[in-house]
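**Q** the following block contains a protein sequence and its predicted model.
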Amino acid sequence: MSEQGPRSGDGANAVDVTVDPVCGMKVDPLQARHQAGHEGHTYYFCAARCREKFLLDPVKYIGHQMAPATEPDAIYTCPMHPEVQQVGPGDCPKCGMALEPMLPDADPDDSSELADMSRRFWMLLALTLPVFVLAMGPHLSGWRPIAPWDRLAGWSEAVLATVVVLWGGAPFFRRGWRSLKPWQPNMYTLIGLGTGVAWLYSIVAFLLPTIFPASFRGADGQVSVYFESAAVIVTLVTLGDFLELRARRRTGAALQALMGLVPKVAHRLAADGREMDVPLDAVRVGDRLQVRPGENVPVDGMVLEGTSHVDESMLSGEPMPVLKTTDAALVGGTVNQDGALTMRAQKVGGETVLAQIVAMVATAQRTRAPLQRVADRVAAWFVPAVLACAVLAFAGWSWLGPEPKLAHALIAAVSVLIIACPCALGLATPISIMVASGRGAQCGVLFKDAGAIEALRDIDTLVLDKTGTLTEGKPMLIELVPLRELPRERLLQLAAALDQPSEHPLARAIVNAAQGQLLPPVSGFITRTGRGVQGRIDGSLVMLGNERMLQELNIAVSEEAAAKAEHLRGDGDTVTFLAVDGVLAGLVAFADRVKPNTAKVIKALRREGLRVVMLTGDNATTARRVAQKLRIDEVHADLSPADKAAVITAMRAEGRRVAMAGDGINDAPALAAADVGIAMGSGTAVAMESAQVTLIKGDLGAIARARALSRATVRNIRQNLFFAFVYNAVGVPLAAGVLFPWLGIMLSPMVAALAMSLSSVSVVSNALRLRNTPL
């Protein structure tokens, strides 16, 4: 059982003092009278009471002890406007969106804001439903309450709608007001204006109905109010903000997954060899650390003692574990597989490779703008135009209108603002995105955000990772070459029997190939780390390994065998040697096969005019061979995650519109750096979270379907925006009273509200056509 930390000092200068996890007091483990064990660690306490509290809820105090300190001066930025930065949280003065940290926290995102918005929505829904029923019930049923119930219903509608608008709509009004100070009107400006005018008009009409002319009275002589319109708008916009915030929370999961690769604690060795568990942020350069089998390496460093295989697929994307011995480099976040390692920390904190990957992904994510910016740009001139029309209508009726001039002027201005309500404009983008997302899921494509849908249609360069994207991502036994009289079946049986106890990917490939065969028992099994395995089978000494193992055992390799091995390597295969009783008996070749439909898909994508490029961390020989098979002209091999992102950045600097498809953790920076990141659904969670598009089944053919859907969706959004503006372009002049001089017709707010509803219906109906788009 290891001792709990942290201790004061580090390395050889460590002092035998630890910290009480409950109260934080320093405790000498040698003199402490109170201690307790939890999950293999010993914790020391200053008093019995602290120990009792700890035993009631150990996780509470351990989590508090290990949690990193919050940065009080963290910089926050806007997802839509990266140039907006400030210390601490707040709202963007340009678009009104909530700011988020520039760099992620190691802890999961705080969900308090999301929970608060969820509660707000459900409360608004409970208040809005009665308002809607009270307002629309008489129109639908034809029955109206009689006195005094009609007055009670009216007051109920007014009070409930007022609570919804003034309380529920307060964030919209605040953000809309802030947008006017730098004079950058946005969606919240429109929402605040529309709901505010509808509610204010309704309040005046309800409390002072006598000031309105007869043309604003229905058949019953009452002035119509629009409390339900204002309340419904506020509630629906709140729902939209909730869904948006929830989606934005998920976008940080990629960085959380990356940071989760490193353990929260490290096993630090003192000068006398004692092991202490310390928080990761307490590790310093020069510390000696212990890494047990199955654990993740905590920081970057160098192996001091021990031998093991380490899974570095997070860096290379290749499934083969890498042998680590003395003086070998270790990278934080990689997985130690089968042996204990003692290492020296060389890079900690933000200097580690993983931390740099996190920073690159975070920076690349800030460079994207969602499709909603189209509506915001339009709103910049739409809002002033509507206000100008309302002012002109008021002035015109005040000067030239019939008596009572001011009443008619007020009604004309209100009608203009009501008919210009931003409902259709606000729905134009999200309703199309909603339908397109469902349509994409049906054909195996998941879009994370609207920006990906917009950008994908303009892509001219498609960059593909090799392992797991073009290939299966799993080594397979593809060739077994007999060099003696032993038949191929016997060679496979011997190799599978020898590799049966091993968990190495190559060993698993051999065992899987021999499924269904009766394997003979093995005695005297020996593992030669980094070389191979050997054992006795049916009285014969059987060895399976690399050339180094053959040299150590003085097993000769003929020129013919060497030539065959080199030929297999020329095909990009990995070759091992099988020897029986000191004589080479066969060659075993492994390869990561290209996916069956990859060549056909690449040919189709090239016909569409896409330039196809391959990036890989694999060696150049294997990469070129795969590229030749698939007729890919441009290949970049032996690349690190940073190198891949640099290639993408260089392509974009040349003016190319780049999409990157990958499946591994090592692809995350490149996926984030591309105009559109495309992840294979069969890949890692980090890749899928870093990408904006996920191919559910890892089928490259879905890229063509995704591009077709992208083109159709953007076209649909533009149609929606056009419909919304046509309604406003026709409705605003009508509401202003342009027909009155000739036909004596003045548009009532009821008709204005109907026109507003029709614009929304047209947008929704048009978006639903995406469900039948051929892909």
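**A** Ah, there it is. Just so it is clear, the structure is predicted and the values come from calculations on it, not from any experiment.

**Q** assumed His408 was part of a helix.
**A** Yes. Secondary structure of His408, determined by DSSP: H, G, I helix; E, B strand; the rest coil: located in a helix.

**Q** which residues does the residue nearest to Leu494 when sequence neighbours are not counted contact?
**A** Counting by Cβ to Cβ, 6 or more residues apart in numbering, Leu494 lies nearest to Val542, which is 5.2 Å off, once chain neighbours are set aside. The way it works is simple: take the backbone N, C-alpha and C, and place the C-beta from them, glycine included. Under the criterion of Cβ atoms under 8 Å, 6 or more residues apart in numbering, the contact partners of Val542 comprise Leu494, Ala497, Leu498, Gln534, Gly535, Arg536, Leu578, Ala579, Val580.

**Q** can you do 10 Å?
**A** Contacts of Val542 were listed using Cβ atoms under 10 Å, 6 or more residues apart in numbering, and they are 491, 494-495, 497-498, 520, 522, 533-536, 578-581, 585.

**Q** just the buried residues from those, in ChimeraX please.
**A** Once 16 or more other Cβ atoms under 10 Å is used to decide burial, the buried members of the contacts of Val542 can be selected in ChimeraX as follows:
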select :491,494,495,497,498,522,533,534,535,578,579,580,585
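
**Q** out of the contacts of Val542, which sit inside helices?
**A** Among these, the members found in helices (DSSP state H) are Leu491, Leu494, Ala495, Ala497, Leu498.

**Q** could you give me the buried positions within the strand ranked longest in the chain?
**A** The single longest strand within the chain, with elements called by DSSP state E, is strand 583-591. The neighbour-count criterion (16+ other Cβ under 10 Å) identifies Leu584, Ala585, Gly586, Leu587, Val588, Ala589, Phe590, Ala591 as the buried residues of strand 583-591.

**Q** can you give me the strands in the stretch 201-350 of the chain?
**A** Listed in chain order, the strands of the stretch 201-350 of the chain (DSSP state E, counting those that start in this stretch) span residues 265-269, 275-279, 288-291, 300-305, 308-311, 322-324, 329-330, 335-336, 341-347.

**Q** now the fourth one: buried residues?
**A** Same thing as strand 300-305. Under the neighbour-count rule (16+ other Cβ under 10 Å), strand 300-305 has Asp300, Gly301, Val303 buried.

**Q** now that strand against strand 341-347, angle please.
**A** Between the axes of strand 300-305 and strand 341-347, defined by axes from the mean of the first three to the mean of the last three Cα atoms, to 10 degrees, the angle is 150 degrees.

**Q** show me what strand 300-305 is packed up against.
**A** Strand 300-305 is packed against strand 288-291, strand 329-330, strand 341-347, helix 353-365, with contacts defined by 3 or more Cβ pairs under 10 Å, 6 or more residues apart in numbering; DSSP states H and E.

**Q** and that strand, what's its mean pLDDT?
**A** Summarised as a single mean, pLDDT over strand 300-305 is 93.

**Q** what's the answer for the longest one, then?
**A** Averaging pLDDT along strand 341-347 yields 93.

**Q** could you number the chain from 58 rather than 1 from now on?
**A** New numbering, starting at 58: the last item is strand 398-404.

**Q** compare the helices and strands packed on strand 357-362 and say which comes out lowest on pLDDT.
**A** Summarising mean pLDDT across the helices and strands packed on strand 357-362, the least confident stretch is helix 410-422, with a mean of 62.

**Q** let's have the ones in helices among the contacts of Val599 in TSV, adding pLDDT and distance to Val669.
**A** Below are these laid out as TSV (pLDDT from 0 to 100; distance: Cβ to Cβ, whole Å):
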residue	pLDDT	distance to Val669
Leu548	91	39
Leu551	92	42
Ala552	92	37
Ala554	91	43
Leu555	89	41
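
**Q** of all the residues you listed, which comes closest to Arg713?
**A** Using Cβ to Cβ, the shortest approach to Arg713 within the ones in helices among the contacts of Val599 belongs to Ala552, at 46.7 Å.

**Q** residues touching the residue nearest to that closest one when sequence neighbours are not counted, list them.
**A** Computed as Cβ to Cβ, 6+ apart, the closest residue to Ala552 that is not its neighbour in sequence is Ile567, at 5.0 Å. Contacts for Ile567 (Cβ under 10 Å, 6+ apart) come out as 532-534, 537, 549, 551-557, 559, 561, 601, 633, 635, 645, 647.

**Q** do I have it right that Ala155 meets Asp173?
**A** No. No contact is recorded between Ala155 and Asp173 when judged using Cβ atoms under 10 Å, the distance being 11.5 Å.

**Q** ok, now which ones touch the closest residue to Val645 other than its chain neighbours?
**A** Nearest non-adjacent residue to Val645, counting by Cβ to Cβ, 6+ apart: Thr633, 4.8 Å away. The neighbourhood of Thr633, defined by Cβ under 10 Å, 6+ apart, consists of 552, 556, 563-564, 567, 589, 601-604, 606, 622, 643-647.

**Q** from the chain's centroid, how far away is stretch 495-513?
**A** 13 Å (Cα atoms, centre = their mean, to the nearest Å).

**Q** sorry, wrong one. I was asking about stretch 521-540.
**A** Relative to the mean C-alpha coordinate of its chain, stretch 521-540 is positioned 29 Å out (Cα atoms, centre = their mean).
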